[in-house]
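# I would like to see how this sequence folds:
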Amino acid sequence: MKKDMFQGAKIISTGSSIPYAKVSNEQISSVVETSDEWIFTRTGIKERRLLTQYGQSIVELASEASIKAIEQISMDPKNIDLLILATSSPNDLFGSASKIQYVIGATNALAFDLTAACSGFVVSLVTAFQFIRNGSYKNILIIGADVLSKWVDWSDRSTCILFGDAAGAVILQSCDVSFNSILNFHLKTDGKYANYLSIAYKENFDPHPVLKLYQGSFQYISMNGKEVYKFAVSQVPLSILTCLHQANLSIKDVDWLLLHQANERILMAVADKLSISSDKIISNLGQYGNTSAASIPLALHEAVQVHRIVANDIVVIAGFGAGLTWGSVVLRW
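Sure thing, here's the model as predicted:
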């Protein structure tokens with residue numbers, strides 16, 4: 001396909017959904033030996049939302065976020081061509097995207113899950129962009145959603161203080177290439193460090209008595225926090241600089257920096273390495289904790305709703321996490 005035949009893409013709406021139940025640091029300190037001060041000074045987190053209702057799953061959260069994005073622009077769900085669910089916590093190992101497609105009435109959309117943990121939304125946004133760029137689809141619903149509370153060991157202080165549940169959604173629509181909003185992207189993976197952050201599968205010691213095969217189950221979240229911090233602080237700034245350089249932009253052109261909401265120390269360290277003012281950091285980490293694939297679209301939706309991000313702003317988003325996978329996208333809003 002010739003370059004002049006490529007389509008542009010732009011985000012035309014956003015939506016989000018959070019569980020009703022708030023869990024404060026004080027409540028966490030009744031579960032494990034910790035305190036509000038200890039958690040806040042090390043992470044920047046004050047509270048998180050957890051999906052506590054019996055029988056509810058990622059489908060409810062993701063569907064609500066999607067419906068909000070659809071209703072914002074009065075779109076008929078049947079006009080959605082593709083639905084991508086970025087998640088590491090489906091309620092069905094075969095995937096949850098198809099259930100969401102049914103619930104929201106997007107009956108004409110292909111739907112699939114994409115698993116890249118905390119980088120999932122960024123990878124999904126780039127994936128959707130490729131489908132639009134080559135003319136395959138016109139309207140794509142991208143959802144970042146996770147309910148990692150179901151996979152947290154609530155006796156492990158190093159991880160249980162961090163995670164919350166949420167969903168965020170955007171609709172990406174094709175446009176004339178001269179109005180294209182996605183200026184550049186940069187994605188990377190280094191599987192050598194996959195064990196630094198994982199929900200590992202463990203086989204049972206005893207095989208099936210007749211078939212002699214080994215079955216097992218998935219474990220709780222395991223994380224080497226020190227190494228993940230070092231990785232994020234060293235690699236994310238390089239990814240952002242590469243992305244900006246390839247788009248013929250500089251740090252001075254950036255209006256907003258929206259990173260995966262993992263830890264306030266990481267956010268500040270990355271901004272410091274880039275010489276970006278803390279005033280340009282978009283963060284809601286204190287309210288929601290680390291919501292994995294939901295963190296970027298959730299923060300984006302909130303910033304757009306209060307008109308913090310406005311037309312023509314240059315927004316750099318970057319995800320990083322399990323895999324280890326990381327990536328950046330430069331947007332002109």
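# so what's residue 202 closest to, chain neighbours aside?
Nearest non-adjacent residue to residue 202, counting by CB to CB, 6 or more residues apart in numbering: residue 216, 5.0 Å away. Where C-beta positions appear, they are placed from N, C-alpha and C, glycine not excepted.
# against residue 34, how distant is that neighbour?
Distance, residue 216 to residue 34, by CB to CB, to the nearest Å: 31 Å.
# also residue 210?
Distance, residue 210 to residue 34, using CB to CB: 47 Å.
# quick one, which of the two is more surrounded?
residue 34 (17 against 6; other CB atoms under 10 Å).
# quick check: pLDDT value at the more buried one.
Residue 34 is assigned 95 on the pLDDT scale.
# dump the residue contacts of it.
25, 28, 157, 161 (CB atoms under 8 Å, 6 or more residues apart in numbering).
# I'd assumed residue 168 was in contact with residue 125.
No. Judged on CB atoms under 8 Å, residue 125 makes no contact with residue 168 at a distance of 11.3 Å.
# what comes up buried for the helix or strand where residue 120 lies?
Using DSSP states H and E, residue 120 sits in helix 120-133. Residues of helix 120-133 classed as buried under the neighbour-count rule (16 or more other CB atoms under 10 Å) are 120-129, 131-133.
# can I get the residues you listed in JSON lines with distance to residue 46 and pLDDT?
Converted to JSON lines, the buried residues of helix 120-133 look like this (distance: CB to CB, whole Å; pLDDT from 0 to 100):
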{"residue": "120", "distance to residue 46": "25", "pLDDT": "97"}
{"residue": "121", "distance to residue 46": "23", "pLDDT": "98"}
{"residue": "122", "distance to residue 46": "26", "pLDDT": "98"}
{"residue": "123", "distance to residue 46": "29", "pLDDT": "98"}
{"residue": "124", "distance to residue 46": "28", "pLDDT": "98"}
{"residue": "125", "distance to residue 46": "28", "pLDDT": "98"}
{"residue": "126", "distance to residue 46": "32", "pLDDT": "98"}
{"residue": "127", "distance to residue 46": "34", "pLDDT": "98"}
{"residue": "128", "distance to residue 46": "33", "pLDDT": "98"}
{"residue": "129", "distance to residue 46": "35", "pLDDT": "98"}
{"residue": "131", "distance to residue 46": "39", "pLDDT": "97"}
{"residue": "132", "distance to residue 46": "38", "pLDDT": "97"}
{"residue": "133", "distance to residue 46": "40", "pLDDT": "96"}
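# and the helices in the stretch 1-150 of the chain?
Assigned by DSSP state H, counting those that start in this stretch, the stretch 1-150 of the chain shows helices spanning 25-28, 36-43, 58-72, 97-104, 120-133.
# make JSON lines out of these and add distance to residue 267.
Putting these into JSON lines (distance: least, CB to CB, whole Å) gives the following:
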{"stretch": "helix 25-28", "distance to residue 267": "18"}
{"stretch": "helix 36-43", "distance to residue 267": "11"}
{"stretch": "helix 58-72", "distance to residue 267": "23"}
{"stretch": "helix 97-104", "distance to residue 267": "30"}
{"stretch": "helix 120-133", "distance to residue 267": "16"}
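# name the residue most distant from the centre of this structure?
residue 210 (43.0 Å; CA atoms, centre = their mean).
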